[in-house]
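S.K.: what shape does this take:
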Amino acid sequence: MATKNKDVVEFLKRWIDKGDEKQHSQLFWTDLLSNVLHSTVNNETVKFEYRVQLGHQSYIDVYLPDSRVIIEQKGSDIDLFKAAKQSDGTELTPFEQAKRYNVELPFSQKARWIVTCNFKTFLIYDMDQDLKGKDPVRIKLEELPERLNELQFLASFKNDKIIVEQELSIKAGTLIGKLYDGLIKQYKDPKADNILKSLNKLCVRLVFCLYAEDAGLFDRKDCHIFGNYIKNKETKYLRKALIDLFEVLNQKEDERCFCVLRESVYFYFLFVFSLICTNLVRSYVLS
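M.R.: Numbers count the residues shown, from 1 in each chain. Here you go, the predicted model:
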């Protein structure tokens, strides 16, 4: 927290007396996102002058696709609540201008947040809320040290996705751990090196198959193809079914026979998958 407070104080010193829209906009937002909010800034995460088509060519000042934010930046002498004439003759406030851009974006790219800013003040509009009769959240530049948390949404969407992915990985690890514990009990000598090595290989390959299934590498139309292949086998035949599957994956492309998987013709897509994981599945998992 102390580091962030120091960063925002330094940011204020750099920007307290600046405010030219053309000269300073990109520097201002790069500085805020990178040095204060510690968000990754590159051509993918921050898009300056992002083109939209309104019957005439227009540009969003700053577009944050991961955070789903449109920023309409104005000079320090501009009233953010006052309408101004646009190139097509219409009179719009900065918020109305940004909202018009948002309408033209594909559904998956539409902004959750619209921010208008004139270097002195940030106005924040949550597009998930009914904004009729409501004032936007207003943060003055000098208030940033105390209210920086209210700007975390500018960098939070990507972080949220990372957190979700980390949680899923933890859950996957827990499930594989349970599988490992259950299987190792079936061996007569569970501490033998060759047993532990084979079991580790099996768990790694099962995880890889699950991730491949989830990513659509087996078949994009069937997101449960591997799971169904396993589920349709009686327990006493499951070992043989896995051996057959890994044997097919271990073969060269022109030598493969999918007759062992004829009940699931979609596993033809293992051809594609095996090109990716040939080095991972060169030997049998089970002895």
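S.K.: low-confidence ranges in the stretch 51-200 of the chain?
M.R.: For the stretch 51-200 of the chain, applying pLDDT under 70 flags the ranges 156-168.
S.K.: again, only this time at 90
M.R.: Applying pLDDT under 90 to the stretch 51-200 of the chain flags the ranges 52-58, 86-90, 108, 129-134, 149, 155-195, 198-199.
S.K.: for it, what spans make up the helices?
M.R.: All helices of the stretch 51-200 of the chain, identified by DSSP state H, counting those that start in this stretch, fall at 94-104, 144-147, 153-184, 193-214.
S.K.: hey, which of these is tucked in deepest?
M.R.: Sort the helices of the stretch 51-200 of the chain by mean neighbour count, taking mean count of other CB atoms under 10 Å, and helix 94-104 sits at the top with a mean of 19. C-betas here are computed from N, CA, C, even on glycine.
S.K.: related to what we said a few turns ago, dump the helices of the stretch 51-200 of the chain into a markdown table; add distance to Glu10 as well.
M.R.: Formatted as a markdown table, the helices of the stretch 51-200 of the chain follow (distance: least, CB to CB, whole Å):
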| stretch | distance to Glu10 |
| --- | --- |
| helix 94-104 | 27 |
| helix 144-147 | 11 |
| helix 153-184 | 18 |
| helix 193-214 | 43 |
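S.K.: and the residue nearest to Val41 when sequence neighbours are not counted, its phi and psi?
M.R.: Excluding the flanking residues, the one nearest Val41 by CB to CB, 6 or more residues apart in numbering is Ser34, at 4.6 Å. Main-chain torsions, Ser34, degrees, to the nearest 10: phi -80, psi -50.
S.K.: ok, now the one 3 residues further on?
M.R.: Main-chain torsions, Leu37, degrees, to the nearest 10: phi -90, psi -10.
S.K.: distance check, it against Glu150.
M.R.: 11 Å (CB to CB, to the nearest Å).
S.K.: show me which of these two is the more surrounded one.
M.R.: Leu37 (21 against 14; other CB atoms under 10 Å).
S.K.: you'd agree that one is up against Gln152?
M.R.: Yes. Counting by CB atoms under 8 Å, Leu37 does reach Gln152; the two are 7.1 Å apart.
S.K.: what residues go with each domain of this structure?
M.R.: 2-154, 187-277 (automatic domain parsing).
S.K.: ok, Gly182 - contacts?
M.R.: Neighbour list for Gly182: empty [criterion: CB atoms under 8 Å, 6 or more residues apart in numbering].
S.K.: distance check, it against Cys209.
M.R.: 18 Å.
S.K.: before we move on, what about Asp88?
M.R.: Asp88 is 55 Å from Cys209, by CB to CB.
S.K.: same question for Gly55.
M.R.: Counting by CB to CB, the gap from Gly55 to Cys209 is 50 Å.
S.K.: quick check on the closest residue in space to Glu44 that isn't next to it in sequence: phi, psi?
M.R.: Leaving aside its chain neighbours, Glu44 sits nearest to Pro65 (7.7 Å; criterion: CB to CB, 6+ apart). Taking degrees, to the nearest 10, you get phi -60, psi -40 for the backbone angles of Pro65.
S.K.: okay, the domains of the chain in TSV with distance to Lys178 next?
M.R.: Output for the domains of the chain, formatted as TSV (distance: least, CB to CB, whole Å):
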stretch	distance to Lys178
domain 2-154	34
domain 187-277	11
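S.K.: overlap in contacts of Leu37 and Glu150?
M.R.: In contact with both Leu37 and Glu150: no residue, using CB under 8 Å, 6+ apart.
S.K.: count the residues that sit near Gly19.
M.R.: Gly19 has 19 nearby residues by other CB under 10 Å.
S.K.: and what of the one 10 residues further on?
M.R.: For Trp29, the tally of surrounding residues (other CB under 10 Å) stands at 21.
S.K.: what does Thr90 give?
M.R.: Thr90 has 13 nearby residues by other CB under 10 Å.
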